[in-house]
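Student: return a 3D structure for these sequence lines:
(one chain, ligands or ions: 2)
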Amino acid sequence: MLLTPLHVQGGRPLSGEITVQHSKNAALPIIVATLLSREKITLHGVPRLSDVDTILDLMHHLGTSHAWVGENTLELHTPEILNTDAPYALVSKMRASFIVLGAILARAGQATVSMPGGCAWGPRPVDQHVKALRALGAEVVEDGGNFDARRTGSLNGTFVFELLTVGGTHNAILAAVLGDGVVTLENASIDTDVVDLIEFLNSVGADIQGAGTNTIVIRGVPALRGGAYTVIPDRIEAGTFMMLAAATRSRITLNNVRPDHLRAVTAKLQEMGVDILESGSSILVDATRGELKPVNVTTQSYPGFPTDVQPQMSALLATVPGTSVVQDPVYPDRLTHVAELHRMGANITVSGYTQVIQGSRLHAAPVKAADLRAGAALFIAGLTCEGETVIDGVQYLNRGYEKLTERLRGLGADARQTELAMAMDD
Ligand SMILES: CC(=O)N[C@H]1[C@@H](OP(=O)(O)OP(=O)(O)OC[C@H]2O[C@@H](n3ccc(=O)[nH]c3=O)[C@H](O)[C@@H]2O)O[C@H](CO)[C@@H](O)[C@@H]1O
Ligand SMILES: C=C(OP(=O)(O)O)C(=O)O
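Tutor: Ligands and ions are numbered 1, 2, ... in the order given. Okay, the predicted model is just below:
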């Protein structure tokens, strides 16, 4: 699909309520996890995103049939695995698809998955995924740009991750769910998306203990049942809308949020002088009272400040007078937003993974998103300035935000994205 650029007219506060979608990064591994069951599984709260379409294309190749039975309700059924390979054309579209390796290996005993390669902001290795599977008894060889994995029996044993990895933890869990082995993962990720995957798997008959702690114990079971599950709210989309509210000096209520998943984001905004009021599954973000203060932010694994909100935070701080420092050691090269924000008058100097930001008023300019959260940062920046900002690279925004322009128009944003009636691949 070829998309026309996004046109944003900013410079005035937004107001009202917005409902946060369910989590992309929780939904994707749960969709993949349905490969482990022969039975039909219904998932509620699946966002309608191009990343979801990409994983469904891959699942179709593997033998899954799916049907949308409601706007955000998806039925998936994999009676048999028809193919055990995940080819480059499908995996290269989205790195998250690499976790099919563990799921296909578990269900079919062998899997061939293309190396995911780099992404817009630099290398994203999968060495921990491979080391984990090998340590637990699988044979994994690299061959012609693919990983070939095989197991003769159930996975068994203990693996200590060398660093916290969300995807690596997903892959190892998926590989270990079926069978009669016992797998212990140490230094495992405690990310909300890992917890949601485990809760889904346990709801259909898996035996996994330790969700939300660094030690996860997976006891193999012979088979998984069918069932129904609701994906958690998207803490990254919520974080994005919180940055948007602060950057446009607005008062906005976010519904369908888990405030406990947003502590680091909330604390940073409060330190800047933004008022935040939590009430059940809603958060009121009020940046209308007084000047905002610059802050220093360093990303970390959950529950730290998320790298997936770093570009949006950088865009916000580019509008706050004074000096802020943003560091992203999780993804040191995640900086594609910087040159584009420069086009809008931002004063950001970069050294390694550190951005030193001197806040000022931004101005409208034509800009181009090179990845999903950089696109969100540019959207936020555009909404802070008078005049028309034209954002190219809209397909990246559609990877992670459902009907973004339409939903933001509900808050009073002047944003248009026209879709050309052309059937072309992005
Ligand atoms: C689809 C999805 O859920 N994507 C999220 C997931 O990506 P993803 O699961 O790929 O990210 P990881 O948690 O694995 O990466 C964390 C860090 O570990 C490093 N690493 C990871 C694996 C490995 O084998 N070797 C290695 O060195 C990475 O380069 C990075 O520095 O978590 C990231 C960190 O919260 C988010 O930015 C992504 O949005
Ligand atoms: C980087 C992201 O996704 P992925 O890991 O699929 O690139 C993201 O959701 O911000």
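
Student: do you know how far residue 93 is from residue 396?
Tutor: In this structure, residue 93 and residue 396 are 12 Å apart, going by Cβ to Cβ, to the nearest Å. Every C-beta, even on glycine, is put in place using the N, C-alpha and C of the backbone.

Student: higher neighbour count, these two?
Tutor: residue 396 (25 against 20; other Cβ atoms under 10 Å).

Student: helix or strand next in line after the helix or strand hosting the more buried one, which one?
Tutor: In this assignment (DSSP states H and E), residue 396 forms part of helix 394-400. Counting by DSSP H and E, the next helix or strand C-terminal to helix 394-400 is helix 404-409.

Student: let me know the pLDDT of the residue in the stretch 151-300 of the chain that ligand 1 sits nearest to.
Tutor: Ranked by Cβ to the nearest ligand atom, the top residue of the stretch 151-300 of the chain for proximity to ligand 1 is residue 167, at 2.8 Å. pLDDT for residue 167: 97.

Student: pretty sure it sits against residue 100.
Tutor: No. If you go by Cβ atoms under 8 Å, residue 167 and residue 100 don't touch, sitting 11.3 Å apart.

Student: does stretch 333-347 reach ligand 1?
Tutor: No. Counting by Cβ under 6 Å from any ligand atom, no contacts exist between stretch 333-347 and ligand 1, the nearest distance being 8.0 Å.

Student: list the buried residues for that stretch?
Tutor: 334, 335, 336, 337, 338, 340, 341, 343, 344, 346 (16 or more other Cβ atoms under 10 Å).

Student: hmm, the last one is touching residue 320, no?
Tutor: The one in question is residue 346. No. Applying Cβ under 8 Å, one finds residue 346 not in contact with residue 320, separated by 11.2 Å.

Student: can you pull the contacts of the spatially closest residue to residue 178 that is not a sequence neighbour?
Tutor: Spatially, and ignoring its direct neighbours in sequence, residue 178 is nearest to residue 106 (4.7 Å; Cβ to Cβ, 6 or more residues apart in numbering). When the contact criterion is Cβ atoms under 8 Å, 6 or more residues apart in numbering, the partners of residue 106 are 36, 155, 174, 175, 176, 177, 178, 179.

Student: okay, residue 106 and residue 164: tell me how far apart.
Tutor: Counting by Cβ to Cβ, the gap from residue 106 to residue 164 is 23 Å.

Student: cool, and residue 236?
Tutor: Taken as Cβ to Cβ, the span from residue 236 to residue 164 is 17 Å.

Student: again with residue 70
Tutor: 35 Å.

Student: and residue 381, by the same measure?
Tutor: 30 Å.

Student: which of the two has more neighbours?
Tutor: Legend: neighbour count by other Cβ under 10 Å for residue 381 and residue 164, higher for residue 381 (33 against 20).

Student: so when I look at that one, I'm seeing a strand, right?
Tutor: No. Counting by DSSP: H, G, I helix; E, B strand; the rest coil, residue 381 is not found in a strand; it is helix.

Student: who's in contact with it?
Tutor: Applying Cβ under 8 Å, 6+ apart, the residues near residue 381 are 247, 315, 318, 319, 341, 344, 346, 362, 367, 389.

Student: again with residue 135
Tutor: Residue 135 touches 157, 158, 159, counting by Cβ under 8 Å, 6+ apart.

Student: wait, the second one touches residue 187, no?
Tutor: No. When contacts are counted by Cβ under 8 Å, residue 158 is not listed as touching residue 187 (10.7 Å).

Student: can you classify residue 363 by secondary structure?
Tutor: coil.

Student: quick check: it vs residue 370, distance?
Tutor: Taking Cβ to Cβ, one finds residue 363 at 21 Å from residue 370.

Student: how about residue 145?
Tutor: 24 Å.

Student: and these two? Which one has more around it.
Tutor: Legend: neighbour count by other Cβ under 10 Å for residue 145 and residue 370, higher for residue 370 (18 against 9).

Student: got phi/psi on the nearest residue to that one once chain neighbours are set aside?
Tutor: Closest residue in space to residue 370, ignoring its immediate chain neighbours: residue 336 at 4.1 Å, by Cβ to Cβ, 6+ apart. Phi and psi for residue 336, reported as degrees, to the nearest 10, are phi -70, psi -20.

Student: what's the local residue count around residue 95?
Tutor: By other Cβ under 10 Å, the burial measure for residue 95, its neighbour count, is 15.

Student: that one: what's it in contact with?
Tutor: Contacts of residue 95 (Cβ under 8 Å, 6+ apart): 116, 117, 119, 124, 167.

Student: distance of it relative to residue 148?
Tutor: 19 Å.

Student: next: residue 221.
Tutor: 26 Å.

Student: and the strands in the stretch 151-300 of the chain?
Tutor: 157-160, 182-186, 207-209, 216-219, 227-230, 251-255, 275-279, 282-286, 296-298 (DSSP state E, counting those that start in this stretch).

Student: OK, contacts around residue 346?
Tutor: Residue 346 neighbours (Cβ under 8 Å, 6+ apart): 315, 318, 338, 357, 360, 362, 381.

Student: between the residues you listed, which is nearest residue 59?
Tutor: Distance to residue 59, by Cβ to Cβ, is smallest for residue 315 among these, at 34.5 Å.

Student: where do the helices sit along the stretch 201-350 of the chain?
Tutor: 235-247, 263-272, 310-317, 336-343 (DSSP state H, counting those that start in this stretch).
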